[in-house]
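Peer 1: Structure of the sequence below:
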Amino acid sequence: MGRQLDARAGPGLQADVWWTADLAQPADDAVRSDTPPTLAIEVGSPGTWHLDRGRKRQVYEAAGVAELWLVDTPVRAVLVFRRSGPGAAQFDVTAELHVGDVLTTPLLEDFGLPVDEFFAD
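Peer 2: Residues are numbered from 1 along each chain as shown. Just a heads-up that it's a prediction; the model follows:
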């Protein structure tokens, strides 16, 4: 089983799922990384969805996260926020994907995940 690492994008903010590019990989013996992930994924719940779309999105953006996926479970959709390039100061590309769509990202070559997979029973 792989190790678990606590990756933070800001004070007290930790992604549900995250990925970081090879150049930003934490040391093998690390248990925590204060370097923001390249990609952060938050799975929303009705009680915290307003925070995920508001304050958390802002913190990820300010921390320099390249891409953020917000999984809206009641609506069965994925909101994507990304920077158009490494020099972009903010999330300037957005998309809303639904069941039947395929989620892709320029961060991972040849990656394609059917949105249906997020909501498989």
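Peer 1: Pass me the low-pLDDT residue ranges in this structure, would you?
Peer 2: Scanning the chain for pLDDT under 70 picks out 1-13, 22-34.
Peer 1: Just the helices from it, written as ranges.
Peer 2: If DSSP state H is used as the criterion, the helices of the chain fall at 49-51, 57-63.
Peer 1: contacts for the first one?
Peer 2: In other words, helix 49-51. Applying C-beta atoms under 8 Å, 6 or more residues apart in numbering, the external contacts of helix 49-51 come out as Asp72. C-beta here means a position set from N, CA and C on the backbone, and glycine is covered the same way.
Peer 1: in it, what's buried?
Peer 2: When neighbours are counted by 16 or more other C-beta atoms under 10 Å, the buried residues of helix 49-51 are found to be Trp49.
Peer 1: What's the local residue count around Ala15?
Peer 2: Neighbour count of Ala15, defined by other C-beta atoms under 10 Å: 22.
Peer 1: I figured it was touching Pro36, is that so?
Peer 2: No: in this structure, Ala15 is not within contact of Pro36 by C-beta atoms under 8 Å, at 9.0 Å.
Peer 1: so what's the residue nearest the centre of the chain up against?
Peer 2: The C-alpha lying nearest the average C-alpha coordinate of the chain belongs to Ala40 (C-alpha atoms, centre = their mean; 2.1 Å). By C-beta under 8 Å, 6+ apart, the contact list for Ala40 reads 9, 15, 17-18, 60, 65, 67-69.
Peer 1: which of those count as buried?
Peer 2: The neighbour-count test (16+ other C-beta under 10 Å) marks 9, 15, 18, 60, 65, 67-69 as buried among the contacts of Ala40.
Peer 1: of all those, which comes closest to Phe91?
Peer 2: Leu68 (6.9 Å; C-beta to C-beta).
Peer 1: Spatially nearest residue to the closest one, not counting backbone neighbours?
Peer 2: Nearest non-adjacent residue to Leu68, counting by C-beta to C-beta, 6 or more residues apart in numbering: Phe81, 4.5 Å away.
Peer 1: what's near enough to touch that neighbour?
Peer 2: By C-beta under 8 Å, 6+ apart, the contact set of Phe81 is 57, 60-61, 67-70, 91, 93-94.
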